[in-house]
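> Sequence isn't available, so here's the structure alone:
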């Protein structure tokens, strides 16, 4: 990413270093434009950026990722303030706002770059992501839907996407967004 270091919606830096009271998570939900918009609207999210993760090519371009030859997925990096919103709550938004059962696609967007990914910043947080997946799978099964295909990763190497992708739907409010959930709610937590 060469320019545009300030989030045009939140007014915060897109590229770190980030404040000490923040944590990060990464979510692949299909096309990253709609995924980013979903997260920048959540109170407690400090900043967001779109990019590529989960693959084997260093510094991939959008065209390379779209070729399907890099192994990367389109993801949104979410920098959040845990004292305002928990990782568990972010995972709820993640599960409810896309269909994690579609494999290498999301709606009309087809290819490995559109697969579902949830990534935590630490190995200690990984069980929380797995538990959230299992809770949502139970709800999907009860609704008669298929198996979740989401990859659960820990601190993937993240490459910022090109400037024109950052906050794309803020600059192009009528731009394409194929993001859609299953209409199945994440089960409420007890306690």
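Here it is on my side, so go on. As the structure is a prediction and not an experimental result, all values here were calculated from the model. Numbers count the residues shown, from 1 in each chain.
> wait, what's in contact with the residue nearest the centre of the chain?
The residue lying closest to the centre of the chain (C-alpha atoms, centre = their mean) is residue 27, at 2.0 Å. Residues near residue 27 by C-beta atoms under 8 Å, 6 or more residues apart in numbering: 35, 39, 75, 76, 78, 90, 94, 117, 118, 119. (Glycine included, C-beta is placed from N, CA and C.)
> residues contacting the closest residue to it other than its chain neighbours?
Of all residues not flanking residue 27 in the chain, residue 94 sits nearest, at 4.9 Å (C-beta to C-beta, 6 or more residues apart in numbering). By C-beta under 8 Å, 6+ apart, the contact set of residue 94 is 27, 29, 118.
> measure residue 94 to residue 163 for me?
As for residue 94, its distance to residue 163 is 25 Å (criterion: C-beta to C-beta, to the nearest Å).
> Residue 121 too?
Look at residue 121 and residue 163: by C-beta to C-beta, they are 25 Å apart.
> of these two, who's got more company?
residue 121 (17 against 13; other C-beta atoms under 10 Å).
> average pLDDT for stretch 105-124?
For stretch 105-124, the mean per-residue pLDDT is 95.
> so where do the helices sit in the protein?
For the chain, the helices defined by DSSP state H occupy 32-40, 62-66, 87-96, 126-142, 168-171.
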